[in-house]
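Visitor: Below is the sequence, then the predicted model.
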2 protein chains.
Amino acid sequence: MTPRTSAQGRSTATHTATTSVEDYAKTIYGLAEWDGASVTASALAKTLGVSNPSVTLMMRKMAELGLVEHRPYAPIALTDAGRQLALAMVRRHRLIETWLVRELGYGWDEVHEEAERLEHAVSETFVDRLDMRLGHPRVDPHGDPIPGPDLTLDYPETELLCRVPAAAQVRLEQVDDAVPDALLALDTHRVPIGAQVTVTATDGGAVVLSPAGIVGEQAVEGIRLTHEITHAMRVSLIR
Amino acid sequence: MTPRTSAQGRSTATHTATTSVEDYAKTIYGLAEWDGASVTASALAKTLGVSNPSVTLMMRKMAELGLVEHRPYAPIALTDAGRQLALAMVRRHRLIETWLVRELGYGWDEVHEEAERLEHAVSETFVDRLDMRLGHPRVDPHGDPIPGPDLTLDYPETELLCRVPAAAQVRLEQVDDAVPDALLALDTHRVPIGAQVTVTATDGGAVVLSPAGIVGEQAVEGIRLTHEITHAMRVSLIR
DNA sequence: TTGCAGTTTTAGGTGTGCCTAAACCATACT
DNA sequence: AGTATGGTTTAGGCACACCTAAAACTGCAA
């Protein structure tokens, strides 16, 4: 599951990649990674906000570039080179977000869009110097792990919040920075990354949370989160 | 000479501008500004590294957008809106350069290319926050003045080094960051921005400099700069 | 004044990345 | 097994920004 990394890091493909190619690679990686599901053309189209035919065409192109495996009508998977490219983009994105929050006073809910544009414009040198200045952070402000310079990534053991059974005690580890509603919900209910909570009830993906440690009878107001939001959060199970 | 600035700053044009349009506007402004000459299509083509017909086409487009005045076969000039856009880009460019040098440890000869890409990717918000963090600098590391948030710009009284007569005492005020040879020459001869020097001899644009204060007989090795390089520097006259 | 040289524009064409509409396949259901 | 329903691909086009080659204009000079 953990991506294999060839020694010298990004090679030819990374240099020929256009902004679009970079976005496709990152999105394919994100879908496969976050959900653990196989990536379909239409899922990709929906996430990227483009039409289905556009995806088909781009997949043909990226297959020729050696970035994806794609036989007609079959699901889409990144090659090793494609994963390299995706991880390089993820690294950029998360380092930039960390910097925007730490040094330019951005809120964690403001950084995504800005990073989305900047990540295509910065050089390798820039990324390395930024990484050094920030002290080689391991996670970004949303709890997402940042790939190292060699593009390896250690995953904590996490699960999508929408898949956790009722009554579980969990710790909030990551939020998808691309889902503003999720960030907003955590802000308004004062639930930071690292908070421990109990899943009081589940309803087909929607979830009700209470502060951890609340046992039973106390009538605490729970926090209700929609499926869309719980799908944008990953948690680790406690005990 | 100093561009007039309408109250609320950048309006429609700034938001519809593509990367190319932004580059054209900035380049037209730079040519008119630095040289004081009227801008021809071929000068623009050469500076931007594109063909002449590409310039013609782009001028038609930018005229429709209300960014340039351009009657066929006539020289090119920015409209007020075009100058707004150009100044917004100059502001971005120079603030980004200042930041790269001050906080990411870039050399002043490394920043141009990086800033050239970043300036098209950052938001207005980003620029304003960066400006605040840097303490509203008035000049960038190359001595070039940085337009304020209202896009006005105060020019010091300067002249191109290649136009200064022999025997003049001058102070180095600005270097064109887009000319690496000029930056290199100043680095190797240890001449910083603000240095006072005497123009010992001129030769059709090429110039020999000596440290200021050297009067006559002392046989000091002068610094010889080509026309290409002296054209990339601006100085103020002393006394 | 006419002609020529150089600049500028028109004409026609390329590559990228996107779109809609229409054909196509593969699977799930009756 | 046969067919409907969806996801997927082909077909045909558009916008942007660039190119080369050829035509058109300007203005200087014989």
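Guide: Structure received.

Visitor: Low-confidence bits of chain A, can you list those?
Guide: Counting by pLDDT under 70, the ranges of chain A that qualify are A:1-15, A:212-220.

Visitor: Recalculate using a threshold of 90.
Guide: Applying pLDDT under 90 to chain A flags the ranges A:1-16, A:33-37, A:153-157, A:167, A:203-205, A:209-222, A:239.

Visitor: Can you show me the helices along it?
Guide: A:12-16, A:19-35, A:41-48, A:52-64, A:80-103, A:111-118, A:124-133, A:180-188, A:227-230 (DSSP state H).

Visitor: Which residues in the longest one does the neighbour count mark as buried?
Guide: By neighbour count with 16 or more other Cβ atoms under 10 Å in any protein chain shown, helix A:80-103 contains the buried residues A:81-101, A:103. Any C-beta I mention is one placed from the backbone N, CA and C, and that applies to glycine too.

Visitor: gap between the two ends of stretch A:110-130?
Guide: End-to-end distance of stretch A:110-130: 19 Å, with Cα to Cα, to the nearest Å as the criterion.

Visitor: Is there contact, residue-wise, from that stretch to DNA strand C?
Guide: No. Shown here: stretch A:110-130 not in contact with DNA strand C (Cβ under 7 Å from any atom of the strand), separated by at least 10.8 Å.

Visitor: deepest of the helices of chain A, which one?
Guide: Neighbour counts (mean count of other Cβ atoms under 10 Å in any protein chain shown) averaged over each of the helices of chain A peak at helix A:80-103, with a mean of 22.

Visitor: circling back to that earlier point, will you turn the helices of chain A into JSON lines that also has distance to DNA strand D?
Guide: Formatted as JSON lines, the helices of chain A follow (distance: least, Cβ to the nearest atom of the strand, whole Å):
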{"stretch": "helix A:12-16", "distance to DNA strand D": "18"}
{"stretch": "helix A:19-35", "distance to DNA strand D": "12"}
{"stretch": "helix A:41-48", "distance to DNA strand D": "3"}
{"stretch": "helix A:52-64", "distance to DNA strand D": "3"}
{"stretch": "helix A:80-103", "distance to DNA strand D": "16"}
{"stretch": "helix A:111-118", "distance to DNA strand D": "16"}
{"stretch": "helix A:124-133", "distance to DNA strand D": "23"}
{"stretch": "helix A:180-188", "distance to DNA strand D": "23"}
{"stretch": "helix A:227-230", "distance to DNA strand D": "18"}
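
Visitor: Any idea which of those helices gets closest to residue B:146?
Guide: Across the helices of chain A, residue B:146 has its closest neighbour in helix A:80-103 (19.5 Å, Cβ to Cβ).

Visitor: Next, the angle from that closest one to helix A:124-133.
Guide: Calculated by axes from the mean of the first three to the mean of the last three Cα atoms, to 10 degrees, helix A:80-103 forms an angle of 50 degrees with helix A:124-133.

Visitor: does any part of helix A:80-103 sit near DNA strand C?
Guide: No. Helix A:80-103 does not reach DNA strand C (Cβ under 7 Å from any atom of the strand); its nearest approach is 13.0 Å.

Visitor: for that helix, packing partners?
Guide: Contact partners of helix A:80-103 among helices and strands, from 3 or more Cβ pairs under 8 Å, 6 or more residues apart in numbering or on different chains; DSSP states H and E: helix A:12-16, helix A:19-35, helix A:111-118, helix A:124-133.

Visitor: any chance of those helices in a markdown table, with distance to residue B:62 too?
Guide: Listed next are these as a markdown table, based on distance: least, Cβ to Cβ, whole Å:
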| stretch | distance to residue B:62 |
| --- | --- |
| helix A:12-16 | 30 |
| helix A:19-35 | 23 |
| helix A:111-118 | 23 |
| helix A:124-133 | 30 |
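
Visitor: got the ones you listed as a markdown table, with distance to chain B columns?
Guide: Compiled in a markdown table, those are given as follows (distance: least, Cβ to the nearest Cβ, whole Å):
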| stretch | distance to chain B |
| --- | --- |
| helix A:12-16 | 14 |
| helix A:19-35 | 10 |
| helix A:111-118 | 4 |
| helix A:124-133 | 5 |
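
Visitor: From chain B, how far off is residue A:38?
Guide: According to Cβ to the nearest Cβ, to the nearest Å, residue A:38 and chain B sit 33 Å apart.

Visitor: same deal with residue A:238?
Guide: Taken as Cβ to the nearest Cβ, the span from residue A:238 to chain B is 38 Å.

Visitor: again with residue A:63
Guide: Relative to chain B, and taking Cβ to the nearest Cβ, residue A:63 is found at 28 Å.

Visitor: for residue A:74, same thing?
Guide: To chain B, residue A:74 is 35 Å away according to Cβ to the nearest Cβ.

Visitor: got the contact list for residue A:146?
Guide: The contact partners of residue A:146, by Cβ atoms under 8 Å, 6 or more residues apart in numbering or on different chains, come to A:90-91, A:94-95, A:98, A:137-140.

Visitor: and the residue lying closest to it once chain neighbours are set aside, what does it touch?
Guide: Leaving out its chain neighbours, the residue that sits closest to residue A:146 by Cβ to Cβ, 6 or more residues apart in numbering or on different chains is residue A:94, at 4.4 Å. Residues near residue A:94 by Cβ under 8 Å, 6+ apart: A:115, A:139-140, A:144-147.

Visitor: closest to residue B:209 among those?
Guide: Once Cβ to Cβ is applied, the member of those that ends up nearest residue B:209 is residue A:115, at 45.1 Å.

Visitor: distance of that closest one from residue B:161?
Guide: 41 Å (Cβ to Cβ, to the nearest Å).

Visitor: Also residue A:227?
Guide: Going from residue A:227 to residue B:161 by Cβ to Cβ gives 66 Å.

Visitor: Ok, residue A:74 next?
Guide: Taking Cβ to Cβ, one finds residue A:74 at 64 Å from residue B:161.

Visitor: Out of these two, name the residue with the larger neighbour count.
Guide: residue B:161 (28 against 11; other Cβ atoms under 10 Å in any protein chain shown).

Visitor: so that one makes contact with residue B:173?
Guide: No. Residue B:161 lies out of contact with residue B:173 (Cβ atoms under 8 Å); the separation is 9.7 Å.

Visitor: what's the overlap in contacts for the two?
Guide: By Cβ under 8 Å, 6+ apart, residue B:161 and residue B:173 have these common neighbours: B:234-235.

Visitor: my guess is residue A:19 meets residue A:119, correct?
Guide: No. Using Cβ under 8 Å, residue A:19 makes no contact with residue A:119, being 9.3 Å away.

Visitor: okay, and the common contacts of these two?
Guide: Counting by Cβ under 8 Å, 6+ apart, nothing touches both residue A:19 and residue A:119.

Visitor: Check the gap between residue A:21 and residue A:236 for me.
Guide: Taking Cβ to Cβ as the measure, residue A:21 falls 34 Å from residue A:236.

Visitor: Spell out which parts of chain A neighbour DNA strand C.
Guide: Looking at DNA strand C, the residues of chain A close enough under Cβ under 7 Å from any atom of the strand are A:18-21, A:48-54, A:57-58, A:61, A:73.

Visitor: Right, I'll leave it there.
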